[in-house]
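1. Starting from these lines, generate the structure:
(one chain, ligands or ions: 1)
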Amino acid sequence: MKTSYINGRFIEAGEQELKNINPSDISDVIDTFSRAGRAETRQAITAAAAAADSWGRSNPQQRFDILDFIGSEILARREELGALLSREEGKTLPEGIGEVTRAGYLFKFFAGEALRIGGEKLDSVRAGATIDITREPVGVVGIITPWNFPVAIPAWKIAPALCYGNAVVFKPAELVPSSAWALAEIISRSGLPAGVFNMVIGPGREVGDEIIGSNEVQAITFTGSVSTGTMIAQRCAARMAKVQLELGGKNPLIVLDDADLEQAVDVAVQGSFYSTGQRCTASSRIIVTDGIYNDFIALLAKRTKALRVGNALSSDTQIGPVASASQLQQDLEYIEIAKQEGATLLVGGKRIEGETEGYYLQPAIFTDVDNRMRICREEVFGPVATVSRVADYEAALAEANDTQFGLSAGICTTSLKYAEHYKRHAKAGMVMVNLPTAGVDYHVPFGGTKASSYGPREQGRYAAEFYTRVKTAYQKAD
Ligand code: ADP
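-> The predicted structure follows:
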């Protein structure tokens, strides 16, 4: 049985078992884990708190070597780790390998950043005094991650946390512990001192709750649902801990009359349905202007029907299964809700059988929607998209921005004027022109506005904002 990693070792197995099931074939038990609880989480926090100071004083070469080792091993094993990821989460093999590759590069990026942590030196406005502005580690960072990116999201939180000199208590999602465990196993051989990195596998309500409430954890970074994220922000505020949240999306993709039709349909299919639509950046509201609407809908329906849904590990699969029974149930419920609200189900939306028993769902497109419908306002987190018809760009922009979320916003157009206007006026943290709303680079900031994100940005050099505190030191020089 696999176990949590605390204070430099994988702990003894306890009694509570957690089975990791393959969503493409529910008879396939990938791994069995021992579930940790509150006591183990407290041990992990104590270990991290004890190790934090010394790691905070580690030199850049040490940090570079460790992060570079982790990144190199991930990249060298990308096929194997990608297959494991696809097997437990259900995204296709190329997507799984792509995600692992990205995780490897994230560690490499932050290995380099460790060499570039600097500060500023200014003269004081007072005669003969100088000022140093430096970045210091925050201390112990709690990392709570969701199931949809089992390696990339842990990587983009763990790598900067370590890079900037923090100790970590990491809680992966219980649905996808195998990828997290493989990552922890690599980290365990990286030369990192005991206690600096800890991984606790267990339920959010115990392990997560303990991390959030501990006064020894100075910062919490969380990706997951709006409801859990809101609760975390409130509890962190109550005890003055730093908090960073990445939550949902209801991302619009505008298609204008002047768009390249083929490209727009590719962008829509890729953004809405790849990774089974289980990306917070997925396009779930496609907003199309009158002149291109009929052609767009016809081609989109044709392409969507032709998508091959199947076992994530089969080479001809384009869309893997939904990740879990409860997520499938949620998707099917939203499909019912949309029908009851009066939307027209254009294609898909039915559970289908595969060669093995899994959570297979045909990607669904709804038309005749109104942006006030629940299907247009609430995040489904599955292969479900709506297409609405609007008169012109202005109406499209207003509808795109009419949402509680603001993560990613896309537009397909050949007009420089509209592309530029949209980049400035889309109320989202990320804007995509002639590219899918989902699929981002690893070296630049990631995050949204409104209910999608809270706190400093993740990734790229902007990650320093969350993982450090700024100190201003004055010195009388003469
Ligand atoms: P989803 O499962 O839809 O991604 P959740 O917000 O439920 O979103 O889960 C995201 C992460 O938060 C998971 O690791 C989960 O275990 C954890 N989590 C869920 N509920 C709580 C909670 N009450 N306290 C702390 N962590 C939680």
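2. Please identify which residue in the stretch 1-150 of the chain comes closest to the ligand.
-> residue 146 (3.3 Å; Cβ to the nearest ligand atom). Where you see a C-beta, it was placed from the backbone N, CA and C, and this is true even at glycine.
3. what residues does the stretch 51-200 of the chain put near the ligand?
-> Residues of the stretch 51-200 of the chain lying close to the ligand (Cβ under 6 Å from any ligand atom) are 144-147, 171, 173-174.
4. got a winner among these for most neighbours?
-> residue 171 (30 neighbours; other Cβ atoms under 10 Å).
5. Count residues in the vicinity of residue 295, would you?
-> Other residues lying near residue 295 total 14 when counted by other Cβ under 10 Å.
6. Check the closest residue to it other than its chain neighbours and give its pLDDT.
-> Nearest residue to residue 295, sequence neighbours excluded (Cβ to Cβ, 6 or more residues apart in numbering): residue 261, at 5.8 Å. You'll see residue 261 listed with a pLDDT of 98.
7. what residues are up against residue 261?
-> 292, 295-296, 299 (Cβ atoms under 8 Å, 6 or more residues apart in numbering).
8. Once you drop chain neighbours, what's closest to the most centrally placed residue in the chain?
-> Geometric centre of the chain, nearest residue: residue 153, 4.9 Å, by Cα atoms, centre = their mean. Counting by Cβ to Cβ, 6+ apart, residue 145 is the residue found nearest to residue 153 once chain neighbours are left out, at 4.7 Å.
9. Could you chop the chain up by domain?
-> Domain segmentation of the chain under automatic domain parsing yields 5-247+452-476, 252-433.
10. which of the contacts of residue 261 count as buried?
-> 292, 296, 299 (16 or more other Cβ atoms under 10 Å).
11. quick check, nearest of these to the ligand?
-> Nearest to the ligand among the buried ones among the contacts of residue 261, with distances taken as Cβ to the nearest ligand atom, is residue 296, at 30.9 Å.
12. tell me the SS of the closest one?
-> What DSSP: H, G, I helix; E, B strand; the rest coil gives for residue 296 is helix.
13. Now the closest residue to it other than its chain neighbours: which helix or strand?
-> In space, and not counting its chain neighbours, residue 296 is closest to residue 288: 5.3 Å by Cβ to Cβ, 6+ apart. Per DSSP states H and E, residue 288 falls inside strand 283-289.
14. Tell me how far that strand lies from the chain's centre.
-> 22 Å (Cα atoms, centre = their mean, to the nearest Å).
15. Show the average pLDDT along that strand.
-> Rounded mean pLDDT across strand 283-289 is 98.
16. And for stretch 184-191?
-> Stretch 184-191 comes out at a mean pLDDT of 98.
17. for that stretch, which positions count as buried?
-> 184, 186-188, 190.
18. From those residues, pick the one nearest residue 364.
-> residue 184 (36.7 Å; Cβ to Cβ).
19. quick revisit: you'd agree the residue nearest to residue 296 is up against residue 392?
-> No: if you go by Cβ atoms under 8 Å, residue 288 and residue 392 don't touch, sitting 11.2 Å apart.
20. quick one, which of the two is more surrounded?
-> residue 288 (27 against 12).
21. For residue 469, give me the backbone phi and psi.
-> phi -120, psi 150 (degrees, to the nearest 10).
22. Equivalent analysis for the one 4 residues further on, please.
-> Here the main-chain torsion angles of residue 473 (degrees, to the nearest 10) amount to phi -110, psi 130.
23. ok, for the residue of the stretch 1-150 of the chain closest to the ligand, nearest residue in space, not its chain neighbours?
-> That would be residue 224: by Cβ to Cβ, 6+ apart, it lies 4.5 Å from residue 146.
24. check contacts around the one you found.
-> Contacts of residue 224 by Cβ under 8 Å, 6+ apart are 144-146, 173, 247.
25. ditto for residue 91
-> Here residue 91 is in contact with 85, 99, 275-276, 278, 312, 320 (criterion: Cβ under 8 Å, 6+ apart).
26. repeat that for 6 Å
-> Neighbouring residues of residue 91 by Cβ atoms under 6 Å, 6 or more residues apart in numbering: 275, 320.
27. I'd like the next helix or strand past the longest helix along the chain.
-> In the chain, assigned by DSSP state H, the helix with the most residues is helix 93-114. Where DSSP H and E defines the elements, the next helix or strand beyond helix 93-114 is strand 120-123.
28. on that earlier part again, can you put the domains of the chain in JSON lines and add distance to residue 440?
-> Output for those, formatted as JSON lines (distance: least, Cβ to Cβ, whole Å):
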{"stretch": "domain 5-247+452-476", "distance to residue 440": "8"}
{"stretch": "domain 252-433", "distance to residue 440": "7"}
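29. With that, I have no additional questions.
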